[in-house]
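In: Whatever this is, show me its structure:
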Amino acid sequence: MAFEDKMNQLKKSMNSSSLTNEDPAPRISKSYTLKQNIANELAMRAKEKELTASRYLEQLLKKEFNL
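Out: Reported below is the predicted structural model:
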């Protein structure tokens, strides 16, 4: 009986966690090509802030679009 109780408890906790994450933000899988000098500058600035180039670019875009 203890095993069944534990299984029911686990099922309830699994169901409730999936409901909270039901609608995640959409992600865009799109590839863009940057000019070499822009890509190098982006990588250099990202490294200064200890970020990846994509995360740094994301911050710049959020700032530009006021998000």
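
In: which regions of this structure sit below the pLDDT cut-off?
Out: 1, 15-23 (pLDDT under 70).

In: now for it, which residue lies nearest the mean position of the chain?
Out: For the chain, the residue nearest the mean C-alpha position is Arg27 (8.1 Å; C-alpha atoms, centre = their mean).

In: so is that one in a helix, a strand, or just coil?
Out: Assigned state for Arg27: coil (three-state reduction, DSSP: H, G, I helix; E, B strand; the rest coil).

In: now the one 4 residues further on
Out: Per three-state DSSP, the local secondary structure of Ser31 is coil.

In: need the helices for this structure, in chain order.
Out: For the chain, the helices defined by DSSP state H cover 2-20, 36-48, 53-64.

In: now these in JSON lines, with mean neighbour count?
Out: Quick note: C-beta positions are derived from backbone N, CA and C, even for glycine. Shown next, in JSON lines, are the helices of the chain (neighbours: other C-beta atoms under 10 Å):
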{"stretch": "helix 2-20", "mean neighbour count": "9"}
{"stretch": "helix 36-48", "mean neighbour count": "12"}
{"stretch": "helix 53-64", "mean neighbour count": "13"}
